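[1] The following block contains a protein sequence and its predicted model.
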Amino acid sequence: MDLNTIKVVEYKAEMKEDIINLFCNEYSYDFDNFQKKFENLYDDNFQKNKCIRVVALYNDEVVGFQSFFYWPYKINNSNLESYQSGNSIVKENFRGLRIFSMMLDKIENMIEQKNIDFIIGFPVEKSIGSFKRKKWINKFNLIWYVKPISFNPMISFKKPFINLSNEKQFFDLENKEFIILENSRVFEKYRINLNKGNIYFSLQKNNIKLELCCKLKKRRKILNELIIGNIQFNEFSEEAINEAFIKIIEIAKKSNSIHFISFAVSENIKVFKPVLLKFKFKSMKKKIFFIFKNFNNISFDNLLLFRADIDTW
């Protein structure tokens with residue numbers, strides 16, 4: 001195979017069907033379902049003039065795809081120009097030819113023409129090496145914590161249910177301590193179109209406003225899991241976090257349909273450790289890899305990440 005015949009170009013709308021087929025053939029997705037997800041992710045008004053997409057072609061055949069979508073973080077009350085990597089794929093018989101590297105090079109050339117603060121990614125273990133070779137930084141990861149709620153085998157036959165709200169609360173995230181994911185209504189509406197099923201627990205204590213975004217999941221067809229996807233707050237308060245965990249554990253127990261609660265948070269942030277220890281959450285070997293490239297000398301020491309920061313939440 002002549003590698004000179006492989007070229008990486010910017011995405012064009014007429015390539016969409018071939019790209020969707022590439023994913024469907026690789027992962028046995030239903031074409032119509034994945035096409036809807038693809039369009040919700042990239043063609044929404046929130047995203048379509050922001051996202052960056054490139055395609056690898058071999059004699060005009062689509063053999064690879066890579067994208068970065070606008071994913072706004074903020075500190076204080078200022079939004080950052082930040083993007084998340086996602087939907088990376090190279091056709092099976094074209095792997096090992098540096099096509100993924102070529103696509104990253106193309107995207108970084110495009111990024112240089114934009115005023116971007118940083119780019120991030122949550123790669124699977126087998127692809128993190130490719131990013132590192134392109135000088136992406138893996139300074140810390142997200143660690144999973146688990147708390148058992150019930151060992152009753154009979155609740156395995158139940159659909160997981162918990163008495164939480166379907167309505168998100170919006171409040172000012174003018175937070176000076178952490179870089180956090182934006183929670184604007186327009187971004188939340190966009191995200192709900194990508195992945196539905198969010199449920200919320202909110203708490204107000206004096207001037208502290210706090211909200212847990214959660215989801216219910218069936219694991220291995222027998223385990224009912226409550227995932228705490230993120231914790232948003234206008235000001236960090238260990239007392240308020242404690243009270244929220246007391247309440248969410250109590251609600252999970254009363255539901256009589258939850259086996260365990262899980263929670264993933266970036267290991268660079270230590271403020272949740274006392275709360276997790278207090279409520280006997282156990283850290284797992286399983287982790288979510290996190291990588292980034294910084295273009296504006298932003299310190300990542302206070303970047304706060306949760307499971308819900310990932311586009312697939």
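    That came in fine, so what should we check first? Note that the structure is a prediction, hence the values are computed from the model and not measured. Residues are numbered from 1 along each chain as shown.
[2] and the top helix by length along the chain, what other elements does it pack with?
    Counting by DSSP state H, the longest helix found in the chain is helix 238-255. Contacts defined by 3 or more Cβ pairs under 8 Å, 6 or more residues apart in numbering; DSSP states H and E place helix 238-255 against strand 199-205, strand 208-219, strand 223-233, strand 260-266, helix 273-278. The way it works is simple: take the backbone N, C-alpha and C, and place the C-beta from them, glycine included.
[3] Could I have the CA atoms of that helix written out in PDB?
    Written as PDB, here are the backbone C-alpha positions of helix 238-255 (Å, rounded to 0.1, in the frame of the first residue of the first chain):
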ATOM      1  CA  GLU A 238     -17.500  19.900  52.700                       C
ATOM      2  CA  GLU A 239     -20.400  20.300  55.000                       C
ATOM      3  CA  ALA A 240     -22.800  20.700  52.100                       C
ATOM      4  CA  ILE A 241     -21.200  17.800  50.200                       C
ATOM      5  CA  ASN A 242     -21.600  15.600  53.400                       C
ATOM      6  CA  GLU A 243     -25.200  16.500  53.600                       C
ATOM      7  CA  ALA A 244     -25.800  15.700  50.000                       C
ATOM      8  CA  PHE A 245     -24.200  12.300  50.300                       C
ATOM      9  CA  ILE A 246     -26.200  11.500  53.400                       C
ATOM     10  CA  LYS A 247     -29.400  12.300  51.500                       C
ATOM     11  CA  ILE A 248     -28.500  10.500  48.200                       C
ATOM     12  CA  ILE A 249     -27.400   7.300  50.100                       C
ATOM     13  CA  GLU A 250     -30.600   7.400  52.200                       C
ATOM     14  CA  ILE A 251     -32.800   7.800  49.000                       C
ATOM     15  CA  ALA A 252     -30.900   5.000  47.300                       C
ATOM     16  CA  LYS A 253     -31.500   2.700  50.300                       C
ATOM     17  CA  LYS A 254     -35.200   3.600  50.500                       C
ATOM     18  CA  SER A 255     -35.700   2.800  46.800                       C
END
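[4] who touches that helix?
    147, 149-150, 160-164, 201, 203, 205, 208, 210, 212, 214, 226, 228, 231, 233, 258, 261, 271-272, 274-275, 278-279 (Cβ atoms under 8 Å, 6 or more residues apart in numbering).
[5] Could I get the buried residue list for that helix?
    By 16 or more other Cβ atoms under 10 Å, the buried positions in helix 238-255 come out as A240, I241, A244, F245, I248, I249, I251, A252, S255.
[6] how close does the fifth one sit to L181?
    Yep, that's I248 we're talking about. 20 Å (Cβ to Cβ, to the nearest Å).
[7] Could you do the second one as well?
    When Cβ to Cβ is applied, the distance between I241 and L181 equals 17 Å.
[8] Same question for V271.
    V271 is 17 Å from L181, by Cβ to Cβ.
[9] Comparing those two, which residue is more hemmed in?
    L181 (20 against 14; other Cβ atoms under 10 Å).
[10] Output the lowest mean pLDDT helix or strand found in the protein.
    strand 78-79 (a mean of 84; mean pLDDT, DSSP states H and E).
[11] List the neighbouring strands of that strand plus their orientation.
    strand 73-76 (antiparallel) (DSSP bridges).
[12] Report the distance from the partner strand to the chain centre.
    17 Å (Cα atoms, centre = their mean, to the nearest Å).
[13] Residues contacting it, please?
    In contact with strand 73-76 (Cβ under 8 Å, 6+ apart) are residues 79-80, 82, 173-176, 178-182, 302-303.
[14] Of the residues you listed, which is the nearest to I20?
    S82 (26.6 Å; Cβ to Cβ).
[15] what's the burial count for that closest one?
    24.
[16] who's in contact with it?
    For S82, the contacting residues are Y70, W71, P72, Y73, I116, D117, F118, I119, I120, by Cβ under 8 Å, 6+ apart.
[17] excluding its backbone neighbours, what's nearest the fifth one?
    This points to I116. E81 (5.0 Å; Cβ to Cβ, 6 or more residues apart in numbering).
[18] And the last one, by the same measure?
    Leaving aside its chain neighbours, I120 sits nearest to F292 (4.7 Å; criterion: Cβ to Cβ, 6+ apart).
[19] Buried ones in the helix or strand hosting that neighbour, by neighbour count?
    Under the criterion of DSSP states H and E, F292 resides in strand 291-294. Within strand 291-294, the residues scored as buried using 16+ other Cβ under 10 Å are I291, F292, K293.
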